[in-house]
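Visitor: Build me a model:
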Amino acid sequence: MLFTDKYKPSKISEIQGQDAAIAKLKQAIQKNKSSLVYGPVGCGKTSSVYVIANELNYEILEINASNFRNKKNIEGILGQAIKQKSLFYENKIILVDELEGIAGREDYGGLSALAALIKITSYPLVIVANDPWAAKFSGLRKSLGLIEFEKLSYLSIFNILKIICDKEDIKYDDEYLKELAKRANGDARAAINDLQMLTQDKVLNKKDLELLDERETNENVFNVLKVIFKSKDIKLIFKTFNKLNIDLNEFNLWLDENIPKEYVKEDLAKAYDALSKADVFNGRIIRRQYYRFLVYRSMFLSTGVALAKKETYDGSTNYKRTSRILKIWIAKQQNLKRNAIAEKIAEKTHTSKKRVIKNDLPYMKIIIKKDKYIARELGLENEEVEWINKH
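Guide: Just a heads-up that it's a prediction; the model follows:
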């Protein structure tokens, strides 16, 4: 059994380093007020909601935002939940975890539907996010009380690890356990997983920490590309890939940009086939939270692409930084004002931002000229009105 499940906190006193945030959240729940709980990964956000519910004898209905991104699903699932009383508990908390899961689908009205339900619910909604400051979440921030969970100190994580070691009869030295806590960089879940991985023999020693040293040594992306494209040595490929110092989504784009510079004909087709399979597993991870598929995604991004070639290619290649990220950023900057205006209109007209951009914006210039009060009703600023008049 995973230590993260076995030692999941059941009481408020078992959560380290979040006393102020928990007190604030508990008070909001008792007053039936909805909250947006945010903070870094592994700091105890979701666990805190569960222990508060346990102490108050509240039922929890947990819904992962990744699983119901559009307006229809949100209104169908949450809309029913806020109407039904709890049969066996004093009250009910509706927990919406991983708000970022709606990130790519706001055009389907998911966020506006969620904001509308917050206004009419008789039960406290607790929405959990890592970073709530994106522009698309502005409507939610206005409707919710914001509660920040701090990044955990290494001493808080050390205390958690110490409790687990004592219960599991793991032999340890305080110095090594503190070093393990420091390496987690505020993520208690990661620290607990590392502890379980390193103590299969019920001992934590200096040699185990050296294994983490090797894992955490960053590798330049150009070196990783060189090994993948120029080698068929599986051990070398895995060792180098595991030291990669960038996000896998970004590395996927690096591969996409540079594969044609190395491979030709059948090798080229096989390399892109491996890349597409990695993308399939990434989609399953996002949609279903099946993080065990991460190993398959990594395999196709590294050895999958490397072994697509029949033979290694001679000569050196100047690998190029992916241009797609820059193009996406430029496009977003160009459309930033348009999207902000469309979001305001969508909220007031109870429709989606995508529909506003397609059907409404082309006529807003005429509408505003006909009736100057329309802009005020829509909440548009003067500079936004000027933008509409110019386009």
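Visitor: Every contact and neighbour count from this point should use C-alpha atoms.
Guide: OK.
Visitor: Leaving out sequence neighbours, find the closest residue to Lys202.
Guide: Ile170 (4.5 Å; Cα to Cα, 6 or more residues apart in numbering).
Visitor: Now do the same for that neighbour: its pLDDT.
Guide: Per-residue pLDDT puts Ile170 at 92.
Visitor: now the stretch 51-200 of the chain, which segments are flagged as low pLDDT?
Guide: Along the stretch 51-200 of the chain, segments meeting pLDDT under 70 span 65-70, 101, 103-108.
Visitor: switch to 90 and redo it
Guide: For the stretch 51-200 of the chain, the stretches flagged by pLDDT under 90 are 59-92, 94-123, 128-145, 151, 176, 182-200.
Visitor: the strands in it, which residues?
Guide: 58-64, 91-97, 125-129, 145-148 (DSSP state E, counting those that start in this stretch).
Visitor: Can you report how many residues lie near Glu381?
Guide: 12 (other Cα atoms under 10 Å).
Visitor: ranking the strands of the stretch 51-200 of the chain by burial, who's on top?
Guide: Among those, the stretch with the highest mean neighbour count (mean count of other Cα atoms under 10 Å) is strand 125-129, at a mean of 24.
Visitor: Which elements pack onto that strand?
Guide: For strand 125-129, the packing partners by 3 or more Cα pairs under 8 Å, 6 or more residues apart in numbering; DSSP states H and E come out as strand 35-38, helix 45-56, strand 91-97.
Visitor: Swap in 6 Å and give it another go.
Guide: Packing contacts for strand 125-129, counted by 3 or more Cα pairs under 6 Å, 6 or more residues apart in numbering; DSSP states H and E, involve strand 35-38, strand 91-97.
Visitor: Now do it: everything it contacts.
Guide: 34-38, 94-99 (Cα atoms under 6 Å, 6 or more residues apart in numbering).
Visitor: now these in TSV, with distance to Ile164?
Guide: Output for the contacts of strand 125-129, formatted as TSV (distance: Cα to Cα, whole Å):
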residue	distance to Ile164
Ser34	33
Ser35	31
Leu36	30
Val37	27
Tyr38	26
Ile94	30
Leu95	27
Val96	29
Asp97	26
Glu98	27
Leu99	30
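Visitor: Would you mind checking which of those residues is nearest to Leu161?
Guide: Tyr38 (23.4 Å; Cα to Cα).
Visitor: returning to that earlier point: among the strands of the stretch 51-200 of the chain, which comes closest to Lys226?
Guide: Among the strands of the stretch 51-200 of the chain, the nearest to Lys226 by Cα to Cα is strand 125-129 (37.0 Å).
Visitor: quick one: strands adjacent to the closest one?
Guide: With DSSP bridges as the test, strand 125-129 is paired with strand 35-38 (parallel), strand 91-97 (parallel).
Visitor: Same list, these, but as JSON lines with distance to Arg297 please.
Guide: Formatted as JSON lines, the strands paired with strand 125-129 follow (distance: least, Cα to Cα, whole Å):
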{"stretch": "strand 35-38", "distance to Arg297": "28"}
{"stretch": "strand 91-97", "distance to Arg297": "24"}
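Visitor: Out of those, flag the one nearest Ile388.
Guide: strand 35-38 (32.8 Å).
Visitor: before we move on, back to that, just send the strands of the stretch 51-200 of the chain back as JSON lines, with distance to His350 too.
Guide: What follows is these, written out as JSON lines (distance: least, Cα to Cα, whole Å):
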{"stretch": "strand 58-64", "distance to His350": "24"}
{"stretch": "strand 91-97", "distance to His350": "22"}
{"stretch": "strand 125-129", "distance to His350": "21"}
{"stretch": "strand 145-148", "distance to His350": "23"}
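Visitor: hmm, back to that, any idea which of the contacts of strand 125-129 is closest to Leu152?
Guide: Tyr38 (13.2 Å).
Visitor: and that closest one, what does it touch?
Guide: Contacts of Tyr38 (Cα under 6 Å, 6+ apart): 128-130, 148-149.
Visitor: Pipe those into TSV and attach distance to Glu384 per row.
Guide: Shown next, in TSV, are those (distance: Cα to Cα, whole Å):
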residue	distance to Glu384
Val128	31
Ala129	29
Asn130	30
Glu148	32
Phe149	35
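Visitor: Surely the residue nearest to Lys202 touches Asp201?
Guide: No. With contact defined as Cα atoms under 6 Å, Ile170 does not reach Asp201; the gap is 8.3 Å.
Visitor: Neighbour count: the two, which is higher?
Guide: Applying other Cα under 10 Å to Ile170 and Asp201 shows that Ile170 carries more neighbours, namely 17 against 10.
Visitor: For the more buried one, give its distance to Ile345.
Guide: 59 Å (Cα to Cα, to the nearest Å).
Visitor: repeat for Tyr172
Guide: The value you get for Tyr172 to Ile345, if Cα to Cα is used, is 59 Å.
Visitor: ok, now Arg189?
Guide: Counting by Cα to Cα - Arg189 and Ile345 are separated by 41 Å.
Visitor: if we can go back for a sec, who's more crowded, Tyr172 and Ile345?
Guide: Ile345 (24 against 17).
Visitor: Excluding sequence neighbours, find me the nearest residue to the more buried one.
Guide: Leu378 (5.9 Å).
Visitor: how many neighbours does that neighbour have?
Guide: Neighbours around Leu378, by other Cα under 10 Å: 15.
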